[in-house]
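>>> Quick one, what's the 3D model for this:
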Amino acid sequence: MNRKILVVLAVLVIALGWFFMQHRTTKDKKPVPEEMAQKLGQKILAFDLVNYAEDGSKKWQLKGGSADILAEIVNLTNIYIETYDTPEVTLTAFKGTYDRGNKVITLFDDVEVITSDGAVLITNRLKWDSKNDTITTDEPVRILRNDLIASGKGARALPQMKRIIINKDVKVRIIRRILKDIDIGKDDRKDGRESPVKAIITCKGPLEIDYEKNIALFKNDVLVDDKERQIYSDRMEAFLHPETKNIKRVVADGNVRVVRGADSTYSQRAIYTTEDQKIILVGKPEIYIKSTEEIEKIEGELEGM
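The predicted structure follows:
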């Protein structure tokens, strides 16, 4: 057969083979359904990190959205963190970052920390050190638990929020009702109803709350105000109920001054019970009374010394 004819036939065979391969490939390429494409897009943007303890158990899990999940500092949105120790803790925020090297998570914009045993911490920005399981913030903070609403500037929470320190400008409201029944943004009722606030405790700070030992320690210029009287002291210990964590009684120490209307007393220590709002003065109290109605009240209190 002529060599030219063979060359032409070979070229035709190659061309036909290429055509059929292209046609088959194009036919086999099915378009990705819109629903699947959305899922793929969400998967690309999802950031899901699980940390395990030495025994293989799940320690904590971080979920959020991110466009740079492989970066050393990962920018996150819609963050949800859950720890699995006791009590369990969840942290949520609109935005944040995760430092892979130091394992430090910074949360900001509507940050909320909730424990499974009833504590809530609210702030606008905080850092969570997952290695040491500590939370720190320099921002204003509110801590809510049963009949206590504490606020101040700057805070540090140790593992599982079992110990909390508010740095300064401390204000604690002791309320009559459980949290869900009142407006935590208001100190007093504006509609004529009785205020839910039983007493307000303030101090320059710090305030240290230890939920394992059931003690709260107020430092520097402490004031307890229950509307009937004001108790001033250098420091104060508040003893919590082991189950409800409500304040049962407080012990004021150092330069204690109790003011009730025009009357006042001075002592080294005062013991105040929140339930019946009774006070016992200890340490050679000095009493200054202008109203005769108060004499019988204070004498009755002194009988318990």
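>>> wait, isn't Thr77 in contact with Thr92?
No. Counting by C-beta atoms under 8 Å, Thr77 does not reach Thr92; the two are 11.6 Å apart. For glycine as for every other residue, the C-beta is placed from the backbone atoms N, C-alpha and C.
>>> What is the neighbour count of the spatially closest residue to Thr115 that is not a sequence neighbour?
Among residues not flanking Thr115 along the chain, Pro87 sits closest, at 4.6 Å (C-beta to C-beta, 6 or more residues apart in numbering). Pro87 has 15 neighbours, counted by other C-beta atoms under 10 Å.
>>> Specify the local secondary structure of Glu228.
coil (DSSP: H, G, I helix; E, B strand; the rest coil).
>>> And Ile69, by the same measure?
From three-state DSSP, the assignment for Ile69 is coil.
>>> same check, this time on Gln160
helix.
>>> list the contacts for it?
Thr83, Asp85, Thr86, Pro87, Val89, Thr115, Asp133 (C-beta atoms under 8 Å, 6 or more residues apart in numbering).
>>> what residue ranges in the stretch 101-250 of the chain are flagged as low confidence?
176-195 (pLDDT under 70).
>>> Pick out the residue closest to the middle of the chain.
Leu121 (2.2 Å; C-alpha atoms, centre = their mean).
>>> got a list of what that one touches?
Glu112, Val113, Ile114, Ile135, Val141, Arg142, Ile143, Leu144, Ala155, Ala157, Met161, Ile164.
>>> Quick check: the gap between the fifth one and Val111.
Val141 is 9 Å from Val111, where distance means C-beta to C-beta, to the nearest Å.
>>> what residues are shared contacts of those two?
The contact lists of Val141 and Val111 share Ile122, Thr123, where a contact means C-beta under 8 Å, 6+ apart.
>>> Now do the phi/psi pair for the closest residue in space to Val89 that isn't next to it in sequence.
Closest residue to Val89 apart from its sequence neighbours, by C-beta to C-beta, 6+ apart: Thr83 at 4.5 Å. Here is the backbone geometry of Thr83 (degrees, to the nearest 10): phi -110, psi 160.
>>> Identify the bridge partners of Thr83.
Counting by DSSP bridges, Thr83 forms beta bridges with Trp60.
>>> Count the neighbours of it for me.
22.
>>> from what I can see it touches Ser57, true?
No. Taking contacts as C-beta under 8 Å, Thr83 lies outside contact range of Ser57: 11.6 Å.
>>> so how far is the host helix or strand of Lys171 from its chain's centroid?
Lys171 is part of strand 163-175, with elements assigned from DSSP states H and E. Chain-centre distance of strand 163-175: 13 Å, with C-alpha atoms, centre = their mean, to the nearest Å.
>>> which other helices and strands contact it?
strand 134-145, strand 148-157, strand 197-203, strand 207-210, strand 215-225 (3 or more C-beta pairs under 8 Å, 6 or more residues apart in numbering; DSSP states H and E).
>>> ok, now with 10 Å
Here strand 163-175 touches strand 134-145, strand 148-157, strand 197-203, strand 207-210, strand 215-225, strand 247-260, going by 3 or more C-beta pairs under 10 Å, 6 or more residues apart in numbering; DSSP states H and E.
>>> Pull that strand out as PDB, backbone CA atoms only.
The C-alpha trace of strand 163-175 is given here as PDB (Å, rounded to 0.1, in the frame of the first residue of the first chain):
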ATOM      1  CA  ARG A 163     -12.900  30.200  90.800                       C
ATOM      2  CA  ILE A 164     -13.500  33.600  89.400                       C
ATOM      3  CA  ILE A 165     -11.700  36.900  90.100                       C
ATOM      4  CA  ILE A 166     -13.200  40.300  89.200                       C
ATOM      5  CA  ASN A 167     -10.400  42.800  89.200                       C
ATOM      6  CA  LYS A 168     -12.000  46.200  90.100                       C
ATOM      7  CA  ASP A 169     -15.100  48.400  90.400                       C
ATOM      8  CA  VAL A 170     -17.000  45.400  91.800                       C
ATOM      9  CA  LYS A 171     -20.800  45.500  92.200                       C
ATOM     10  CA  VAL A 172     -22.800  42.500  93.400                       C
ATOM     11  CA  ARG A 173     -26.600  42.500  93.500                       C
ATOM     12  CA  ILE A 174     -28.400  39.900  95.700                       C
ATOM     13  CA  ILE A 175     -31.800  39.300  94.300                       C
END
